[in-house]
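Novice: sequence and computational prediction follow.
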Amino acid sequence: MTPRLEARPLLLRRSRVLPALVSALLSLASSRAMAAPTDPAPADPATAATGQATPPAVVPPAPLPPGAYTYSIPLSRLSGQSALPLRGVDGINGLGFAQRIDQTIIGANVHLNYTYSPSLLPDLSHLKIMLNGEVAQSIALPKETSADPVERTVALPVPALTEFNRLDIQLVGHYTLSCEDPLHSSLWADVAGRSTLDLTVLPVDLPNDLALLPAPFFDSHDIRQLDLPIVLGRTPDAARLESAGIVSSWFGARAGYRGAKFTASIQDLPAKGNAVVLLQQGDTIAGLQAPALQGPTLAMVNNPNDTHAKLLLVMGRDAKELKQAAIALGLGNETLSGPTARITELKTLGPRKPYDAPNWLRSDRPVLFGELAAARALNVYGHRPAPVNISLRMPPGLFGWHSDGVPVDLKYRYSPRPSATQSVMEMVAGDQLVRSFMLNDGTSSVYSKLSNLPTSEGEARVMVPPYLLPPLTALQFRYVYEYAKLGECQNNIVDNIQSAIDPGSSIDISSLPKYAAMPDLSLFADAGFPFTRMADLSETAVVLPDNATVTDYSAYLTLLGTMGQSTGYPATGVTVAQAAHVDGVKDKDLLVLASGANQPLVKQWSAYLPNGFDGNQRKFALSDWFAGIANWFGTDPRDHKRTANLKLTYVGGGANATVAGLESPLQSGRSVVLVSGANVDGLNAAVDAVLANRDTNNRVEDLQHKIGGNLTVVSGKQALTVLDEQSYYVGSLPTWLGLQWFFSNHPLTLVGALVISALVIAVLLYLSLRARAHRRLGS
């Protein structure tokens, strides 16, 4: 840990000095260009006749320094909001962004797309753009442009940039020259989420130091999706792909909500940027000088194609050592330092337990909110503050039948408003209201130690219905304070309102068993289930196509990255196989990939695949809900299906893709998920759909509808669930609850069992009475 603490302050000092220096040079060059004397142009007769001045020549912007480049980030990506609303006389909204440690920002612009109220007085109203509290620009709001969206680019002051930055947009709005309501409905403006932050950056040369990991390959300061090439070193066998999967799942876990996509190559280093390279003894890559191997080794070296970029070398003399190096990266990277580290000892890992993924909410005890969110995120300020958000990754398959719900022991605080009787705090789960709390209920008041202002407290136990808690969800607490109306010309906003959710609040799912009706592709898309049931994927096998290409390898690595994103743990136990050896992994859950007709299992298992799935020609059955109602009167819950009587057929081509789920034909209770494309583009489309499905940072526009059921068709940005049939279960129930669930779904069986039991009891009673009568007669 010491090298990291020593290295980063040096980088930060460089990153603060260099932007100011480059900015000064650019300003000097621009001023010289504008002030440079030019030869007088000959007079234009037309100009001389009219007496009008010639328009000034447009000065081109100064060229960027060598190596500099610009990229854009949508504000929706940075803020997590589809738009930035501004309300009231002093409405403000904003977002944060940070600077990568391998870049220095030399220019920053915000390109705004906004609309505003036509009722605003143009002489008194404007937008104020602020960076870290410093005003970058004020934008007038004339009536002439209020009818349509307006675009405007604002340059941000580079010297004001720090490692972590805050960009705020404030509406200063007025609608009348006389007394006004500070919350009048005409006081509004909206900044569209498609507005962008444009950053011009210069690369910073970092030392080759493993203590920086996961940077620069992944930098937590960067809000964008991680795109990382992985060079396999040679045409990979199963063992090498397993090692690569450990690496990609670890980076996927680190990328988290950003998402991660991996591009595989055999021996081609990227022309620009960072990459991971897997090497064994005897592998050679043009331009790369790898250190001599004496065992499992990790190293950081410069990319020979890009002097500013790095390569992370994962190396071993054989497949076993290569895997040991990958595991060391995934589980012991905090202890690494220097340009090269040879792994001398790797302790045997204990077996994982089902549902123990680090990212999932613990199910063995109550979990405090303070364990799920930072204390500062639990405190908000103002009359209409942003919601307090508790993000949750729930274990898939929580069984809430006949349950009172998930108990949440809530403790909350707020600023008392004696004259405002309509103030509330709303508790929301799964975007649905769970309960509202009045904020004038006479709870005890104390004085805040931080502000010395009176604060009221409240406590409640709230039972949240389990169906509101899918694998990717959040609890939100929305404070809404009523403004005190004091009369005309007396309505001033005093923004001294503080609200908080106590970190000692807790949520407890320990009473709920895990029992999931399968197949359910929504659980796969949201949480990688059932493969992530074991966090290390030790009960998972990935079946790759015959004659797999780099597209198939890329799909495999990206899907493993999504598993790591779900669990927060590298896939140290995953198995890679091909169709010819699938019998050797029949006791595992199978993730099967296909790009075209290169997966033999599609034909071998055609009888088990969802109705109508047939190779490259896609035939799908759309459910008739009315016909499906009759199935609910069957005696087996496995027959609770929607009958197919409308066919949809199209031949593979373009980006047609399918995601299908089924019970394994090799072993009951095990699952198969088939991710298939009509061609390589189709497979890429299916993988992109999985990435978009679980994106929690406001990229819903990337995918219309969501993956679900047991058969989903993906075409472009559309995903359509065309079959939804569950036929088996994953998990277990307590004995008594299991009996109740069984008989509730088999009522005729219950009636038959009761009749048989009554007959048996009657016969036994008859025989007993008859025996007593014989004994009486005999005596």
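Specialist: Sure, I can see it. Quantities reported herein were computed from a predicted structural model and do not represent experimental measurements.

Novice: quick one, helices of the protein?
Specialist: Remark: helices assigned in the chain by DSSP state H are 2-35, 45-50, 75-79, 238-255, 319-332, 521-527, 550-567, 600-604, 625-629, 680-693, 735-745, 747-778.

Novice: what's next to the third one, contact-wise?
Specialist: Okay, so that is helix 75-79. Applying Cβ atoms under 8 Å, 6 or more residues apart in numbering, the contact partners of helix 75-79 are 82-84, 93-97, 110, 167, 191-197, 223-224, 697-699. For the C-beta atoms, the positions are set from N, CA and C on the backbone; glycine is no exception.

Novice: could you turn the buried ones of those residues into a ChimeraX selection?
Specialist: This is the ChimeraX syntax for the buried subset of these, where burial follows 16 or more other Cβ atoms under 10 Å:
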select :83,84,93,94,95,97,110,167,191,192,193,195,196,197,223,224,697,698,699
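
Novice: quick one: the helices of the chain as TSV, columns for mean neighbour count and distance to residue 415 too.
Specialist: Shown next, in TSV, are the helices of the chain (neighbours: other Cβ atoms under 10 Å; distance: least, Cβ to Cβ, whole Å):
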stretch	mean neighbour count	distance to residue 415
helix 2-35	13	37
helix 45-50	9	66
helix 75-79	23	26
helix 238-255	26	38
helix 319-332	21	46
helix 521-527	26	37
helix 550-567	26	38
helix 600-604	17	62
helix 625-629	12	50
helix 680-693	23	40
helix 735-745	13	45
helix 747-778	10	55
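
Novice: of these, which is nearest residue 206?
Specialist: The closest of the helices of the chain to residue 206 is helix 2-35. By Cβ to Cβ, the value is 7.0 Å.

Novice: distance of residue 257 relative to residue 359?
Specialist: Plainly put, residue 257 is 11 Å away from residue 359 if you go by Cβ to Cβ, to the nearest Å.

Novice: higher neighbour count, the two?
Specialist: Comparing residue 257 with residue 359 by other Cβ atoms under 10 Å, the one with more neighbours is residue 359, at 17 against 14.

Novice: thought the more buried one was touching residue 564?
Specialist: No. Contact criterion Cβ atoms under 8 Å: residue 359 and residue 564 do not qualify, at 9.2 Å.

Novice: overlap in contacts of these two?
Specialist: Going by Cβ under 8 Å, 6+ apart, residues that sit against residue 359 and also against residue 564 are residue 253.

Novice: next one: stretch 84-99 to chain centre, how far?
Specialist: Here the centre of stretch 84-99 is set off from its chain's centre by 23 Å, with Cα atoms, centre = their mean, to the nearest Å.

Novice: and stretch 78-98, by the same measure?
Specialist: That offset, for stretch 78-98, works out to 21 Å (Cα atoms, centre = their mean).

Novice: with stretch 115-132 instead?
Specialist: On the basis of Cα atoms, centre = their mean, stretch 115-132 is displaced by 34 Å from the centre of the chain it belongs to.

Novice: likewise for stretch 659-678?
Specialist: Put simply, stretch 659-678 sits 25 Å off its chain's centre (Cα atoms, centre = their mean).

Novice: using CSV, write out every CA atom in it.
Specialist: Provided in CSV are the C-alpha atoms of stretch 659-678 (Å, rounded to 0.1, in the frame of the first residue of the first chain):
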residue,chain,number,x,y,z
VAL,A,659,-31.3,-15.5,-25.6
ALA,A,660,-33.0,-18.8,-24.5
GLY,A,661,-33.3,-20.5,-21.2
LEU,A,662,-34.1,-24.2,-20.4
GLU,A,663,-33.5,-27.0,-18.0
SER,A,664,-30.4,-28.9,-18.8
PRO,A,665,-31.0,-32.0,-20.9
LEU,A,666,-28.1,-33.6,-19.1
GLN,A,667,-29.2,-33.3,-15.5
SER,A,668,-32.5,-32.2,-13.9
GLY,A,669,-32.3,-29.1,-11.8
ARG,A,670,-29.4,-27.7,-13.8
SER,A,671,-29.9,-24.7,-16.1
VAL,A,672,-28.8,-23.9,-19.7
VAL,A,673,-28.7,-20.3,-21.1
LEU,A,674,-28.1,-20.1,-24.8
VAL,A,675,-26.8,-16.8,-26.1
SER,A,676,-27.1,-17.1,-29.9
GLY,A,677,-26.7,-14.9,-33.0
ALA,A,678,-27.5,-15.6,-36.6
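
Novice: least trustworthy helix or strand in the protein by mean pLDDT?
Specialist: Lowest by mean pLDDT, DSSP states H and E among the helices and strands of the chain is strand 644-651, with a mean of 37.

Novice: quick check: residue 97 touching residue 74?
Specialist: No. With contact defined as Cβ under 8 Å, residue 97 does not reach residue 74; the gap is 11.6 Å.

Novice: circling back to that earlier point, could I get the helices of the chain as CSV with distance to residue 432 and mean pLDDT?
Specialist: Listed next are the helices of the chain as CSV, based on distance: least, Cβ to Cβ, whole Å; pLDDT from 0 to 100:
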stretch, distance to residue 432, mean pLDDT
helix 2-35, 43, 39
helix 45-50, 69, 41
helix 75-79, 23, 91
helix 238-255, 29, 97
helix 319-332, 38, 94
helix 521-527, 17, 94
helix 550-567, 23, 97
helix 600-604, 40, 93
helix 625-629, 23, 40
helix 680-693, 20, 90
helix 735-745, 25, 74
helix 747-778, 31, 80
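
Novice: count the neighbours of the closest residue to residue 534 other than its chain neighbours for me.
Specialist: Among residues not flanking residue 534 along the chain, residue 352 sits closest, at 5.3 Å (Cβ to Cβ, 6 or more residues apart in numbering). Using other Cβ under 10 Å, residue 352 is surrounded by 19 other residues.

Novice: with the one 5 residues further on instead?
Specialist: Here the count is done by other Cβ under 10 Å, and residue 357 has 26 residues near it.

Novice: and for the one 10 residues further on?
Specialist: Other residues lying near residue 367 total 18 when counted by other Cβ under 10 Å.
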